[in-house]
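1. the following comprises the amino acid sequence and a computationally predicted model.
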Amino acid sequence: MLLTALISSLTIIFSLTPGYGCVEIIGGHDVPSHSRPYMASIQVNRKHKCGGALIKPAWVLTAAHCADGKPKLNSVVLGIDSLRENTKTKQVFKIKKEFPHRSFDRNTKENDIMLLQLDRAVDINKFVSILRLPKRYSDLKAGTHCTVAGWGITKEKSTTPSNRLKEVNITIVDRGTCNDKDHYNDKPKVTANMLCAGDKNGNDACEGDSGGPLICNNKYSGNTSFGIGCGKAKYPGIYTALTNKYLDWIKKITAPVSKPDY
């Protein structure tokens with residue numbers, strides 16, 4: 001997620017793993033301590049795989065492609081800035097159920113969004129809190145300033161996630177520009193359900209940051225989805241936009257189960 005002067009010289013990366021682009025921040029700066037209390041580390045056997053955001057006491061929003069591969073995702077950690085420090089603020093949860101969007105397409109990258117239901121509600125406090133979803137979606141204009149954060153890799157060829165939560169500033173790029181022959185060339189096509197963001201210096205997100213929240217104008221606007229290469233201005237990062245269809249889907253999936261009226 002978030003700051004300008006400090007990040008102008010930083011490099012962030014998008015890495016396309018076989019068939020997909022997990023996302024990680026390379027060269028970003030550490031976030032102020034516990035300034036992103038909604039950030040979730042989604043893990044496999046205690047190892048960080050993806051980011052996410054706590055949107056309800058027992059629900060985390062992330063990217064559908066994070067569920068690809070084996071072994072399966074099995075835990076969510078909240079209340080931390082460091083992956084290695086075992087602090088009193090840390091809360092660990094098992095994943096009760098995964099809800100990837102049924103129309104998620106691994107080829108077109110459409111509908112790359114997933115809900116994770118935790119095994120119990122979190123303890124809301126100043127270290128763990130909810131990131132509010134927008135009531136309705138408004139498309140973002142090119143040039144809009146955004147921030148993205150995560151525990152992704154800090155060196156392009158590394159496979160080790162950052163110990164500290166890092167953030168960087170990026171800017172929304174027009175979809176037409178992202179889709180032209182000098183950029184993605186419609187392979188895949190950046191659709192109205194996606195946001196394209198980066199900058200001329202190649203600032204972006206990369207492997208390990210997938211699923212993490214994109215914050216624009218201080219609002220939750222999307223989740224990190226994919227990219228091609230690392231630190232390449234030609235390929236800005238692509239984010240799943242929190243459009244109205246996804247907001248309605250989230251509301252439906254997370255709605256409390258009504259009890260029979262006896």
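-> Here it is on my side, so go on.
2. CA atoms for contacts and neighbours, from now on please.
-> Will do.
3. where do the strands of the stretch 101-250 of the chain begin and end?
-> Counting by DSSP state E, counting those that start in this stretch, the stretch 101-250 of the chain has strands at residues 114-118, 145-150, 166-173, 194-198, 213-216, 219-226, 237-241.
4. the last one vs strand 219-226, what angle?
-> Pointing back at strand 237-241 there. Relative orientation of strand 237-241 versus strand 219-226 (axes from the mean of the first three to the mean of the last three CA atoms, to 10 degrees): 130 degrees.
5. quick check: which ranges of the stretch 1-150 of the chain have low pLDDT?
-> Applying pLDDT under 70 to the stretch 1-150 of the chain flags the ranges 1-28.
6. circling back: nearest to Ile250, of the strands of the stretch 101-250 of the chain?
-> Closest to Ile250 of the strands of the stretch 101-250 of the chain is strand 114-118 (CA to CA; 7.6 Å).
7. each with direction, which strands does the closest one pair with?
-> Using DSSP bridges, the strands paired with strand 114-118 in its sheet are strand 59-62 (antiparallel), strand 91-100 (antiparallel).
8. who touches it?
-> Under the contact criterion CA atoms under 8 Å, 6 or more residues apart in numbering, strand 114-118 has outside partners 58-64, 76, 93-101, 250.
9. got the buried residues for it?
-> Across strand 114-118, burial judged by 16 or more other CA atoms under 10 Å covers Met114, Leu115, Leu116, Gln117, Leu118.
10. kindly format the C-alpha coordinates of it as CSV.
-> Extracted in CSV, the C-alpha atoms of strand 114-118 (Å, rounded to 0.1, in the frame of the first residue of the first chain):
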residue,chain,number,x,y,z
MET,A,114,-11.3,-15.5,-3.9
LEU,A,115,-12.8,-15.4,-0.4
LEU,A,116,-11.3,-17.4,2.4
GLN,A,117,-13.5,-18.2,5.4
LEU,A,118,-11.5,-18.5,8.6
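11. can you list the residues that contact stretch 138-147?
-> 1-3, 167-174, 214-217, 243.
12. neighbour-wise, which of those residues leads?
-> Ile170 (34 neighbours; other CA atoms under 10 Å).
13. so who does Tyr239 touch?
-> Met194, Leu195, Cys196, Ala197, Leu214, Gly222, Asn223, Thr224, Ser225, Phe226.
14. the fifth one contacts Ile238, correct?
-> Put plainly, it is Leu214. No - in this structure, Leu214 is not within contact of Ile238 by CA atoms under 8 Å, at 10.3 Å.
15. okay, and the common contacts of those two?
-> Listed as contacting both Leu214 and Ile238 by CA under 8 Å, 6+ apart are Thr224.
16. on that earlier part again, in TSV: the strands of the stretch 101-250 of the chain, plus distance to Pro71.
-> Output for those, formatted as TSV (distance: least, CA to CA, whole Å):
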stretch	distance to Pro71
strand 114-118	16
strand 145-150	22
strand 166-173	26
strand 194-198	28
strand 213-216	24
strand 219-226	20
strand 237-241	25
